[in-house]
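Colleague: need coordinates for the below:
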Amino acid sequence: MTTTYVITVPGTFLRAPDDDTRAGLARRLRPADPHHTELGREEDIDVLTVNDDRTFSARVEVTAGTSREAEAEAVRGVAAALRDVGFDADDAPLGPPAVTGVDNPA
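Modeller: The predicted structure follows:
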């Protein structure tokens, strides 16, 4: 059985992203937007939050068999989206992912 998880992946931009880069990153994360889950709609969860100190949180929806698999898939997806906009692991290191929601179909 698979479950839909909302996973938060934190990170830090070591070089400041411009507005276009932020928008591009959000677009690349959009297919995994947590607004597609009941939890995401209720909580009004944004796919990407970037703070003034350049820390960020990406919140993505992942369907997986276990929370560990979901976390690993979320990190892979966020890392790929960051690479697509020109940020590698040295430019935007990621922190440990966390399950921040579970959307079990009734």
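Colleague: quick one: stretch 96-106 to chain centroid distance?
Modeller: How far stretch 96-106 lies from its chain's middle: 12 Å, per C-alpha atoms, centre = their mean, to the nearest Å.
Colleague: return the set of buried residues in that stretch.
Modeller: Within stretch 96-106, the residues scored as buried using 16 or more other C-beta atoms under 10 Å are Pro97, Val99, Thr100, Gly101, Asp103. The way it works is simple: take the backbone N, C-alpha and C, and place the C-beta from them, glycine included.
Colleague: stretch 70-83 now?
Modeller: Buried residues in stretch 70-83 (16+ other C-beta under 10 Å): Ala70, Glu71, Glu73, Ala74, Val75, Gly77, Val78, Ala79, Ala81, Leu82.
Colleague: export these to JSON lines and tack on distance to Leu14, secondary structure and pLDDT?
Modeller: JSON lines is the format used below for the buried residues of stretch 70-83 (distance: C-beta to C-beta, whole Å; DSSP: H, G, I helix; E, B strand; the rest coil; pLDDT from 0 to 100):
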{"residue": "Ala70", "distance to Leu14": "27", "secondary structure": "helix", "pLDDT": "95"}
{"residue": "Glu71", "distance to Leu14": "23", "secondary structure": "helix", "pLDDT": "97"}
{"residue": "Glu73", "distance to Leu14": "24", "secondary structure": "helix", "pLDDT": "96"}
{"residue": "Ala74", "distance to Leu14": "21", "secondary structure": "helix", "pLDDT": "96"}
{"residue": "Val75", "distance to Leu14": "18", "secondary structure": "helix", "pLDDT": "97"}
{"residue": "Gly77", "distance to Leu14": "20", "secondary structure": "helix", "pLDDT": "95"}
{"residue": "Val78", "distance to Leu14": "16", "secondary structure": "helix", "pLDDT": "97"}
{"residue": "Ala79", "distance to Leu14": "15", "secondary structure": "helix", "pLDDT": "97"}
{"residue": "Ala81", "distance to Leu14": "17", "secondary structure": "helix", "pLDDT": "96"}
{"residue": "Leu82", "distance to Leu14": "12", "secondary structure": "helix", "pLDDT": "97"}
